[in-house]
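*Asks:* Here's my sequence, what's the structure:
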Amino acid sequence: AALTVRFLTRRFIGEYGDLEFIYSHNLTVDGREILFHIWDVPNSQLSEEGSSEEKRIQCFFCFVLVYSICDRASFDILPFFFQFIKATKEGQSQEKVPIVIVGNKRDLHHQRVVSSEEGRLLALSLDCGFYEVSAAE
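*Replies:* Got it, this is the predicted structure:
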């Protein structure tokens, strides 16, 4: 949620509840107006059954899977979400789904439990892009 709010407003808010939001945001990229629809959902709200998630995933064109470098569980669940997205999206077409993995909280390096190398290796093994960022900075 902090990363989404930072993208939308350029402000950092440190504390969020476990709430799901869908945002719409216009942005000019390379001279073209782009309408973003961002589905921001905490890990705790995604179920393994996935019926409502499958319907939502069908509406989106690319995905950013975010984990905290200070939270091993948020990293370890990424392959499940990756496979769920690919099965849902690519089951309908042969096009590769753009997925990027983002490690957040880079500013909290002293609390790091997931190394940059682990993030890069996971992204490489899943054929995804990879970035580490700090919503706070």
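*Asks:* Which residues are in contact with the closest residue to Glu132 other than its chain neighbours?
*Replies:* Setting aside the residues directly before and after it, Glu132 is nearest to Gly103 in space (C-beta to C-beta, 6 or more residues apart in numbering), at 4.2 Å. For glycine as for every other residue, the C-beta is placed from the backbone atoms N, C-alpha and C. Contact analysis of Gly103 by C-beta atoms under 8 Å, 6 or more residues apart in numbering lists Val66, Tyr67, Ser68, Ile69, Phe75, Val114, Ser116, Gly119, Phe130, Tyr131, Glu132, Val133.
*Asks:* Val66 should be in a helix, yeah?
*Replies:* No - according to DSSP: H, G, I helix; E, B strand; the rest coil, the state of Val66 is strand, so it is not within a helix.
*Asks:* Which of the three states applies to the nearest residue to it once chain neighbours are set aside?
*Replies:* Excluding its sequence neighbours, the residue lying closest to Val66 (C-beta to C-beta, 6+ apart) is Val102, at 4.7 Å. Following three-state DSSP, we place Val102 in the strand state.
*Asks:* so what pLDDT did Val102 get?
*Replies:* pLDDT for Val102: 93.
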